[in-house]
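Visitor: When you get a sec, could you give me coordinates for this:
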Amino acid sequence: MIKDPTTSRNVLRDGTVANPWERRERQAAAHETPRGSGESASSPITQGSVLDRALTFMQDHDAALLSDPLSIDAARIRAAIQRAVLSLNLRRFEAEALTEQLADRLVGPGALGPHFRDPAVTEIMVVGGSVYVERDGRIQPAPSLGGVEEGIRIAQHLCRHEGREYKSSDPLMNFTWHDDGSRINIVHHSKSATGVAISIRKRQQGRRLLLPDLIEARSLSQAAADLLVRALTGRLNLILAGPQGAGKTEMLRAIALAAIPPDERTLSIEDMPELDLQLPHLVALIGQTDRTTPDEKARGAVSQEDHFRNTLRMRPDRLIFGELRGPEALAFFEALLSSQGGSLTTMHLYTPELLADRLYQISHKYQMSMPYDLIQRMVYGTVAIIVQLERDGMGHRHVSNIVEVEREGAMRDLFRWDPQAQVLASIAPLSEARQAWIAAHTRVPGGLTTQPDAEPRGLREEDQNSDD
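Guide: Residues are numbered from 1 along each chain as shown. From the prediction side, this is the model:
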């Protein structure tokens, strides 16, 4: 169930409003609405007894729905919830809370529903029976589930609602939640000494952040944003690096939307749908990170490496990888050796200098065994700029430094974060050779090139309202 932004009422997945108390409120004022004798007038529905009574009512009147709610039509689920809530004669705010609880249990994420609905929560984590959430980049405890067994039931519930089975023979599961695209990872309790481990990275449904938003949030400076947009528009290859949760995907999306011309064909590849680029000519492909086994191929599974090989037959102008971490990483760099440039991706890196080492580790992990000096030559010959991001102790996500990769392998700082001033300070300009490349390869609709110091498209506030 989600919120209707125009009315703040609850709606089921089919878009219909679930307000079982509206008829009662048309008949009498809120303070005259009859209430059950056992409920407090000032507290929302939090006690299991009220939920148990509603479930008992539904068991008596809609037993088939409780046994397999996913096979039941949404209208029948809505009607059953309305009957159960109305049978308890609750006040409006109590009925609303109970309606959410029942919808969460039947067609939603169960006890984790309130965290899914909370826009301030970006990640949800369950360890045994404990729950933690991330707000503003910082992890904090949330009300517990009441025991390790309840954590297991939540995992079973999430799996069942996505057509999966929670079992020890498949202990590591990754899937996308149907309602909002959140990424869910589950580790079976048999493989964890602390009980079932559930990690949910929510897909934010609000307005996507653009470069002006990131500049205002001090994630990077205006000058750095100008450089990155010009570089990608001018077909330099960029890599966004950093640890998990540093904001790489958000930064990639903002740069791509500001830099890629609308008349170019862009192919994106990722393992979970997160980028949401909203470009005019976009082909968004989804594939698993690891290579497919024969059984997985028989079921129609496709790896990112498979997708990548096929993209070379799809005439892309731009290639964007959500993240490089498997065998597709080496294929990506091999393709850069013969591509026209302007590709963008992210990688988990502690520092930019570790890029070649990371690729060397991937090559041996997947039995590709590429020589280290060859990997170095690929990196130094194809990557122009590496943007390193970090998340500090206060949860602030920002660019820590931007480096230009020189042909000889040196990493030359262009921008570096000043922790005292809390700004991204300019250190040196982009090399003249790279500026000349940008000038020669920047295209605009209906023209051949732009000047290297031209205003980046889609970066300024006024550009957001233009026809482009």
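Visitor: nearest spatial neighbour of residue 390, skipping sequence neighbours?
Guide: Nearest residue to residue 390, sequence neighbours excluded (Cβ to Cβ, 6 or more residues apart in numbering): residue 400, at 4.5 Å. Any C-beta I mention is one placed from the backbone N, CA and C, and that applies to glycine too.
Visitor: May I ask which helix or strand encompasses the one you found?
Guide: Taking DSSP states H and E as the definition, residue 400 sits inside strand 397-405.
Visitor: Name the residues that touch that strand?
Guide: 137, 218-220, 224, 227-228, 242, 245-247, 250-251, 352, 379-380, 383-392, 411-417, 424, 430-431, 434 (Cβ atoms under 8 Å, 6 or more residues apart in numbering).
Visitor: Of those, which belong to strands?
Guide: 385-391, 411-417, 424 (DSSP state E).
Visitor: For the top helix by length along the chain, which helices and strands make contact with it?
Guide: Longest helix in the chain, counting residues (DSSP state H): helix 92-107. Counting by 3 or more Cβ pairs under 8 Å, 6 or more residues apart in numbering; DSSP states H and E, the packing neighbours recorded for helix 92-107 are strand 10-11, helix 48-61, helix 74-86, helix 113-117.
Visitor: Which one of these lies nearest to residue 141?
Guide: Taking Cβ to Cβ, helix 113-117 is the member of those nearest to residue 141, at 12.1 Å.
Visitor: what packs against that closest one?
Guide: Here helix 113-117 touches helix 92-107, strand 121-127, going by 3+ Cβ pairs under 8 Å, 6+ apart.
Visitor: Residue 300 is nearest to which of the ones you listed?
Guide: With Cβ to Cβ as the criterion, residue 300 lies closest to helix 92-107 of the helices and strands packed on helix 113-117, at 26.8 Å.
Visitor: Any buried residues in that closest one, and which?
Guide: 94-107 (16 or more other Cβ atoms under 10 Å).
Visitor: so where do the helices sit in the stretch 351-468 of the chain?
Guide: Secondary structure of the stretch 351-468 of the chain, counting by DSSP state H, counting those that start in this stretch: helices at 355-365, 372-382, 432-441.
Visitor: The ones you listed: which one's closest to residue 319?
Guide: helix 372-382 (12.1 Å).
Visitor: Give me the angle between the closest one and helix 355-365.
Guide: 130 degrees (axes from the mean of the first three to the mean of the last three Cα atoms, to 10 degrees).
Visitor: Taking strand 397-405 as reference, get the angle to helix 372-382.
Guide: Using the same axes, to 10 degrees: helix 372-382 against strand 397-405 is 100 degrees.
Visitor: okay, the angle between helix 372-382 and strand 385-391?
Guide: Orientation note: helix 372-382 sits at an angle of 100 degrees relative to strand 385-391 (the same axes, to 10 degrees).
Visitor: what does helix 372-382 contact?
Guide: Residues outside helix 372-382 that contact it (Cβ under 8 Å, 6+ apart): 237, 330, 333-334, 336-337, 355-356, 359-360, 363, 405-409.
Visitor: can we see that at 7 Å?
Guide: With contact meaning Cβ atoms under 7 Å, 6 or more residues apart in numbering, helix 372-382 is reached by 237, 333, 336-337, 355-356, 359-360, 363, 405, 407, 409.
Visitor: which of these sit farthest apart?
Guide: With distances taken as Cβ to Cβ, the most widely separated pair in the contacts of helix 372-382 is 363 and 407, at 21.7 Å.
Visitor: what's the nearest residue to residue 141 if we skip its chain neighbours?
Guide: Distance criterion Cβ to Cβ, 6+ apart; nearest residue to residue 141, sequence neighbours excluded, is residue 132 at 5.6 Å.
Visitor: beta partners for that neighbour?
Guide: Going by DSSP bridges, residue 132 is paired in beta bridges with residue 125, residue 141.
Visitor: so who does it touch?
Guide: 125, 139-142.
Visitor: Listing request: residues of the stretch 51-200 of the chain with sub-threshold pLDDT.
Guide: By pLDDT under 70, the low-scoring segments of the stretch 51-200 of the chain are 67, 70-71.
Visitor: Recalculate using a threshold of 80.
Guide: Flagging of the stretch 51-200 of the chain using pLDDT under 80 yields the residue ranges 51, 58-59, 62-77, 89, 105-107, 136-137, 178-181.
Visitor: What pLDDT does the model give residue 304?
Guide: On the pLDDT scale, residue 304 is placed at 83.
Visitor: Quick check on it: phi, psi?
Guide: phi -60, psi -30 (degrees, to the nearest 10).
Visitor: Over to the nearest residue in space to residue 301 that is not next to it in sequence. Which of the three states is it?
Guide: Spatial nearest neighbour of residue 301, excluding adjacent residues (Cβ to Cβ, 6+ apart): residue 292 at 4.8 Å. Using DSSP: H, G, I helix; E, B strand; the rest coil, the structure places residue 292 in coil.
Visitor: Isn't residue 292 up against residue 304?
Guide: No. Look at residue 292 against residue 304 with Cβ atoms under 7 Å: they stay out of range, at 10.2 Å.
Visitor: higher neighbour count, those two?
Guide: residue 304 (28 against 17; other Cβ atoms under 10 Å).
Visitor: Within the sheet, what are the partner strands of the strand holding residue 400, with directions?
Guide: strand 385-391 (antiparallel), strand 411-418 (antiparallel).
Visitor: got the CA positions of the longest one in PDB?
Guide: Extracted as PDB, the C-alpha positions of strand 411-418 are listed here (Å, rounded to 0.1, in the frame of the first residue of the first chain):
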ATOM      1  CA  MET A 411      46.700  10.400 -10.900                       C
ATOM      2  CA  ARG A 412      46.700  14.200 -11.000                       C
ATOM      3  CA  ASP A 413      44.400  16.000  -8.600                       C
ATOM      4  CA  LEU A 414      42.000  18.400 -10.200                       C
ATOM      5  CA  PHE A 415      39.800  19.000  -7.200                       C
ATOM      6  CA  ARG A 416      40.200  18.000  -3.500                       C
ATOM      7  CA  TRP A 417      37.900  18.200  -0.500                       C
ATOM      8  CA  ASP A 418      38.900  20.800   2.100                       C
END
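Visitor: How about that strand, which residues are buried there?
Guide: 414-417.
Visitor: for that strand, what is the average pLDDT?
Guide: Across strand 411-418, pLDDT averages out at 95.
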